[in-house]
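Asks: Return atomic coordinates for the entry below.
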Amino acid sequence: MKFLKFSFIFTIFWILSFGSFLKSFSADERLNIEDVIFAVYDIPSEKEGMNTLYVYLKMPYNFFRFIKEDDKFIADYEFSIEISDEENNIHKNNIMQEKIIVSNFEDTNSDEKIFLKEMEFEVSPSKYNVRLVITDLDMRKSITQSKEITLKDFWKEEIGISDIIFYVEGDSSFNSGKNVIIPEPNVNIDYNSNLVINYYIFKSDIEKRIVLNSKIIPEFKTKTPVYEENEEIYDKKNLTKREIRLIPELISAGPYVFRINVLSEGIKREREIEFSLLWENFPISALHINTAIERMKYILTEEEYEKISLMNQSEKKDFFIDFWKEFDIDTTMEKNEVMEEYFRRVNYADQNFSDLNNDGWESDMGRIQILYGKPDNVIKRHNLIPPYESWEYYNINRRYNFWDEFSIGVFKLKNVYDIRR
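Replies: This next block holds a predicted model:
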């Protein structure tokens, strides 16, 4: 057990320190397409026979190359959106020039400060290619990314449901009040943020009554909804906006299905989306102390576990705080990075390795991922019988082999090898 605790702490220190090195090492690399969130959504339009094609761009400030001018740092960029059909006919073309100006050099390398751009295009329902071109106007260097989308004919279908959008609700202290979209399926969200699911209900005849049922259902274990809404809509509008605000007390980390059903005069429409939720930066006060300590079993000794079982709730919380204080690598910061990383891994395991019988943190894959983090190399052979995966960790020179013995998606640890041999 002491070895496991040491291994976990070692890998945490290694990741945090080496990760900071990599971040500083790559700070001068700009125009990296992997830093760009480029999303397109199909929204019904109140204009008959048309759709609203919503385009969303998001990138951190360290995506841009800034040039110092007097006491300011300026990034000068051009954004081009081109919408074309299957015959390459261009339906829309929008070119915008943007200057991003900051006063502090630190902001030029920030991955927390972000640039957002939202655009709406009225187009007829069809299949389109949406092409994004971002150009550094100082370097005359460009990158390109494309998305394909098929817009539904909502007016012909009479009733319908738009694409579903997840976003973090902005306020005056966050990104100038703008909402920040999080493309699914992996929804990673700060514990203190307001997560919203947004969609639209459409009806061509404003006199129609709509019966709405929406629910969020865990993908594994119990199928009991963690959220459900039933409502009759009669607002004499073509377009009705719906929003659901999620909080950690309502929905824990893990995989879910969000399902919407609408019914009107015998016409039924359904839409669903799978997503995995991960709450990040949990404060100690928000952790259920018994649950938190239970999930620490991989790094606690048998003596510590036995000692905890005799404690009351107040003593358990004191033990919890003292335990993690020992591994606080930077006492000048409010948060304990090692503790946050541990519970981030627990949440990640629940998000990715849960099955019908167990939470993800209890699985073999979850345990290894919690102790050692994401593997450096993964070999997947899911087409074999039995399916298997191999995870390699170069810093500890080990390969973990997992077999899905009954081909039901549950991988058990089969053996461990020293990869130095």
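
Asks: Every contact and neighbour count from this point should use C-alpha atoms.
Replies: OK.

Asks: can you list contacts of whichever strand or helix holds residue 122?
Replies: Assigned by DSSP states H and E, residue 122 belongs to strand 114-123. Here strand 114-123 makes contact (CA atoms under 8 Å, 6 or more residues apart in numbering) with 45, 50-61, 91-92, 175, 180.

Asks: The residue nearest the centre of the chain and residue 351: what is the separation?
Replies: Note on the chain: the residue nearest the mean C-alpha position is residue 187, at 2.6 Å, using CA atoms, centre = their mean. Taken as CA to CA, to the nearest Å, the spacing of residue 187 relative to residue 351 amounts to 10 Å.

Asks: are any of the contacts of strand 114-123 buried, and which?
Replies: Among these, those classed as buried by 16 or more other CA atoms under 10 Å are 45, 50-61, 175, 180.

Asks: what's the pLDDT at residue 17?
Replies: Here the pLDDT value assigned to residue 17 is 47.

Asks: same question, residue 295
Replies: Here, the pLDDT recorded for residue 295 equals 87.

Asks: Same check on residue 313?
Replies: Predicted confidence (pLDDT) for residue 313: 84.

Asks: Next one: it from residue 371, what distance?
Replies: 26 Å.

Asks: So for these two, which residue has more residues nearby?
Replies: Neighbours around residue 313 and residue 371, counted as other CA atoms under 10 Å, are more numerous at residue 371. The numbers are 22 against 12.

Asks: Confirm the more buried one sits in a helix?
Replies: Yes - assignment of residue 371 by DSSP: H, G, I helix; E, B strand; the rest coil places it within a helix.

Asks: Help me confirm that residue 392 comes into contact with residue 375.
Replies: Yes - here residue 392 lies in contact with residue 375, judged by CA atoms under 8 Å, at a distance of 5.6 Å.

Asks: okay, the two: which has more neighbours?
Replies: With other CA under 10 Å as the criterion, residue 392 and residue 375 differ in neighbour count, and residue 392 comes out ahead with 21 against 17.

Asks: Not counting its neighbours along the chain, what's nearest that one?
Replies: Spatially, and ignoring its direct neighbours in sequence, residue 392 is nearest to residue 399 (4.4 Å; CA to CA, 6 or more residues apart in numbering).

Asks: Let me see the domain layout of the chain.
Replies: 2-20+283-374, 33-153, 158-281 (automatic domain parsing).

Asks: Tabulate those domains in TSV, adding columns for distance to residue 406.
Replies: TSV is the format used below for these (distance: least, CA to CA, whole Å):
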stretch	distance to residue 406
domain 2-20+283-374	13
domain 33-153	37
domain 158-281	18
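
Asks: which stretches of the protein aren't confidently modelled?
Replies: For the chain, residues meeting the criterion pLDDT under 70 lie at 1-30, 170-178, 184-185, 220-222, 249, 280-288, 331-334, 421.

Asks: mind listing the helices in it by residue range?
Replies: Taking DSSP state H as the criterion, the chain contains helices spanning 2-25, 105-108, 154-157, 289-294, 302-309, 313-325, 337-353, 364-372.

Asks: looking at it, residue 308 is touching residue 314, isn't it?
Replies: No - applying CA under 8 Å as the test, residue 308 and residue 314 come out as separate, 11.1 Å apart.

Asks: neighbour-wise, which of these two wins?
Replies: Summary of the neighbour comparison: residue 308 and residue 314, criterion other CA under 10 Å, with residue 308 having more neighbours (18 against 10).

Asks: Tell me the spacing between the nearest residue to that one once chain neighbours are set aside and residue 300.
Replies: The shortest distance from residue 308 to any residue other than its chain neighbours is 6.4 Å, reached at residue 316 (CA to CA, 6+ apart). As defined by CA to CA, residue 316 lies at a distance of 13 Å from residue 300.

Asks: Same check on residue 218?
Replies: The value you get for residue 218 to residue 300, if CA to CA is used, is 30 Å.

Asks: Between those two, tell me which one has more neighbours.
Replies: When neighbours are counted by other CA under 10 Å, residue 218 and residue 300 differ, and residue 218 comes out ahead with 22 against 18.

Asks: Look at the closest residue to that one other than its chain neighbours and say how many residues are nearby.
Replies: Closest residue to residue 218 in three dimensions, ignoring its sequence neighbours and counting by CA to CA, 6+ apart: residue 256, at 4.4 Å. Counted by other CA under 10 Å, the residues lying close to residue 256 total 22.

Asks: so residue 256 touches residue 223, yeah?
Replies: No - using CA under 8 Å as the test, residue 256 is too far from residue 223 to be in contact (9.8 Å).

Asks: any common contacting residues for these two?
Replies: In the contact map built from CA under 8 Å, 6+ apart, the residues linked to both residue 256 and residue 223 are residue 217.

Asks: quick revisit: among the helices of the chain, which is nearest residue 82?
Replies: Residue 82 lies closest to helix 154-157 among those, at 23.2 Å (CA to CA).

Asks: For that closest one, name the packing helices and strands.
Replies: Applying 3 or more CA pairs under 8 Å, 6 or more residues apart in numbering; DSSP states H and E, we find helix 154-157 packed against strand 195-203.

Asks: what's the strand it packs on in contact with?
Replies: Among residues not part of strand 195-203, those counted as contacts by CA under 8 Å, 6+ apart are 43-44, 154-155, 158-169, 189, 237-247.

Asks: I'd like to know how far residue 294 sits from residue 346.
Replies: 11 Å.

Asks: Could you do residue 244 as well?
Replies: With distances defined as CA to CA, the gap from residue 244 to residue 346 amounts to 26 Å.

Asks: more neighbours, the two?
Replies: residue 346 (25 against 14).

Asks: That one and residue 370 touch, don't they?
Replies: Yes - when contacts are counted by CA under 8 Å, residue 346 is listed as touching residue 370 (6.1 Å).
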